[in-house]
Every structure is written in structure tokens, then in C-alpha cells.
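Engineer: I'll drop the sequence and a predicted model, then ask my questions.
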Amino acid sequence: MTPQEREAQFSRSPIKKRAEYKRDVVEHGLESHLVRDALEYHEKLLHWIDEAVRTGPYLAGESFSLAECATIPYVLRLELLKMSRLWERYPALAKWWERVRARPSFAEAIAGRMTEKDWAPFRGIEPDPWPKVRELLAA
């Protein structure tokens, strides 16, 4: 997007604070003061998922549930942002993610519905964000 297109997008946000957050992250990337907190929240989610699937194949037990539907977007976004190394420390989560991604419903409802425009922002992420993410997590 051009700077003007981005600003127009931010301006349309009904929640002004959210627009400010997005603007800050777009302008500063991983150097944004908001990234550290976001990583901490994601780490809590990943830890929770890992603990939940140690006792069963899915978050609420033996069956795929709304719990998966609620968490998949967050894990998928991390993967698209090349941050899947976050779950190297969570082997149960990694296996759960493989199970979820292998489901026909995942292919149909998520991967199959993403257009080229949806995929485009994630195709050429450079430089690799992982060294900075690792540094932020260690701090």
C-alpha cells in the first residue's frame, strides 16, 4: 500500500486507539514499543494451547471445537509472519497445529478462501523477523 492508502485504511477504523496501534507497528515494525507486549500475549496463548493439548488431541478434549476456531487465526497469523519458531518450545502445540492444518475444513475454510491479495503481504517478509523476536523474548 502507498502511505496514503495506509492512512486511509487507518482512518476508517472505528476504534481510534486500534488505528494508533496499527500505525505505530506499520511505521516501526518490530521496533514498535507495542511488539514486546504482543509477543508476551502470544506466548501466553501458545503456552495455554500446549498445556491443553497434552491431555487430548484438541483444546476441549477429543473433538475439534469452537476453541480451535477461536485460536486458529492467531496461530496462523504467527506462521504467516514467519514466527512459527515460537512453538519450537511447545511440542504438543506443534502436533496440534499439524492436526489442525491437515483437516479438510482448514483447507476449505481458510487456505482455500485466501486470495492472492490475502497472501501477498506475507510472501516477501524480509528480513527474517526471528532474530529480533528471539531478542525481544529474551529481554
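Structural biologist: Here it is on my side, so go on.

Engineer: when you work out contacts or count neighbours from here on, use the C-alpha atoms and nothing else.
Structural biologist: Will do.

Engineer: gap between residue 130 and residue 137?
Structural biologist: 10 Å (Cα to Cα, to the nearest Å).

Engineer: ok, the nearest residue to residue 88 once chain neighbours are set aside to residue 79 distance?
Structural biologist: Closest residue to residue 88 apart from its sequence neighbours, by Cα to Cα, 6 or more residues apart in numbering: residue 94 at 7.3 Å. Remark: distance between residue 94 and residue 79 (Cα to Cα) = 11 Å.

Engineer: returning to what we had before: can you classify the residue nearest to residue 88 by secondary structure?
Structural biologist: helix (DSSP: H, G, I helix; E, B strand; the rest coil).

Engineer: let me know the pLDDT of it.
Structural biologist: Note for residue 94: predicted pLDDT of 96.

Engineer: and for residue 122?
Structural biologist: Per the predicted model, pLDDT is 89 at residue 122.

Engineer: list the contacts for it?
Structural biologist: For residue 122, the contacting residues are 80, 81, by Cα atoms under 8 Å, 6 or more residues apart in numbering.
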